[in-house]
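Enquirer: Need the 3D shape of this:
(chains A and B)
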Amino acid sequence: DGGITQSPKYLFRKEGQNVTLSCEQNLNHDAMYWYRQDPGQGLRLIYYSQIVNDFQKGDIAEGYSVSREKKESFPLTVTSAQKNPTAFYLCASSGGGRIQPQHFGDGTRLSIL
Amino acid sequence: AQSVAQPEDQVNVAEGNPLTVKCTYSVSGNPYLFWYVQYPNRGLQFLLKYITGDNLVKGSYGFEAEFNKSQTSFHLKKPSALVSDSALYFCAVRPDAGNNRKLIWGLGTSLAVNP
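Expert: Residues are numbered from 1 along each chain as shown, chains lettered A, B, ... in the order given. Model (predicted):
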């Protein structure tokens, strides 16, 4: 079945540590997105990429970095510069053509040790 | 500024009763509107979208939504609620029909359907 796989489901970060969240899709979608979800704040866009080897900052990119070396993969690194990383992180993708919805993975919950 | 508002943080309905989850938007031009549902500790699932045409859009799981251009609203509805409909619902709008596929999201409405 086609879909988006996020791993791990739960992740713990120590002080000063960078951690990387994985996002893989087999939907052949061009665009991929990373969101952060905090209670009561909805979804906030961290980074998005509309083609391979290109990505743009979203609304809250500080303390995060991404790469898009392959169409299928869009990993997110939460750096030590992100002082409040505890959140639920969601990856999404969307196809081209007529207005298409975004498809979501099941998220990674990141906590600080 | 372009925005989406979901004026109710929580909606409570009895099982079998009709439900409405409200969404209003403020964007320039013709909007493209979406509804998603999220169950606990899961990603969002797409329910339905409005692009153009008939103002009443039918989607998954018996949900429908009515687009009202004059009131800039896109309310989600279901004729008869189920307990399993209890979840978090998000409205989103894509203001740009071009290459920019970013969505503007509402803050979500928690729906509780009581047995």
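Enquirer: how about B:Q38, what does it touch?
Expert: With contacts defined as Cβ atoms under 8 Å, 6 or more residues apart in numbering or on different chains, B:Q38 is in contact with B:L44, B:Q45, B:A87, B:L88, B:Y89, B:F90, B:G108. To be clear about C-beta, it is placed using only N, CA and C from the backbone, and glycine gets the same treatment.
Enquirer: just checking, B:N30 touches B:Y50?
Expert: No. If you go by Cβ atoms under 8 Å, B:N30 and B:Y50 don't touch, sitting 10.1 Å apart.
Enquirer: could you redo the contacts of B:Q38 as TSV and give each row pLDDT?
Expert: Converted to TSV, the contacts of B:Q38 look like this (pLDDT from 0 to 100):
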residue	pLDDT
B:L44	97
B:Q45	97
B:A87	97
B:L88	97
B:Y89	98
B:F90	98
B:G108	97
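Enquirer: Out of the residues you listed, which two sit at the greatest distance?
Expert: The largest separation in those, counting by Cβ to Cβ, is between B:Q45 and B:G108 at 13.5 Å.
Enquirer: Which one of those two is surrounded by more residues?
Expert: Comparing B:Q45 with B:G108 by other Cβ atoms under 10 Å in any protein chain shown, the one with more neighbours is B:G108, at 24 against 16.
Enquirer: quick one, phi psi at the more buried one?
Expert: Main-chain torsions, B:G108, degrees, to the nearest 10: phi 100, psi 150.
Enquirer: okay, and for the chain, where does confidence drop off?
Expert: I went with chain A, as the question did not name one. A:1 (pLDDT under 70).
Enquirer: if you could check chain B rather than the one you did, that'd help
Expert: In chain B, residues with pLDDT under 70: B:97.
Enquirer: now do 50
Expert: The model of chain B has no residue with pLDDT under 50.
Enquirer: Can you tell me which residues in it are near chain A?
Expert: B:9, B:32, B:34, B:36, B:41-46, B:49, B:51, B:90, B:94, B:97, B:99, B:101-103, B:105-108 (Cβ under 8 Å from any Cβ of the partner chain).
Enquirer: Run a quick neighbour tally on A:H103.
Expert: A:H103 has 20 nearby residues by other Cβ under 10 Å.
Enquirer: Show me what counts as buried in the helix or strand A:E24 falls within.
Expert: Taking DSSP states H and E as the definition, A:E24 sits inside strand A:19-25. Judged by neighbour count using 16 or more other Cβ atoms under 10 Å in any protein chain shown, the buried positions of strand A:19-25 are A:V19, A:L21, A:S22, A:C23, A:E24, A:Q25.
Enquirer: now stretch A:103-113, how far from the centre of its chain.
Expert: Remark: stretch A:103-113 is offset 9 Å from the chain centroid, using Cα atoms, centre = their mean, to the nearest Å.
Enquirer: outside of that stretch, which residues touch it?
Expert: A:3-15, A:19, A:21, A:23, A:25, A:27, A:29, A:37, A:78, A:85-94, B:36, B:41-46.
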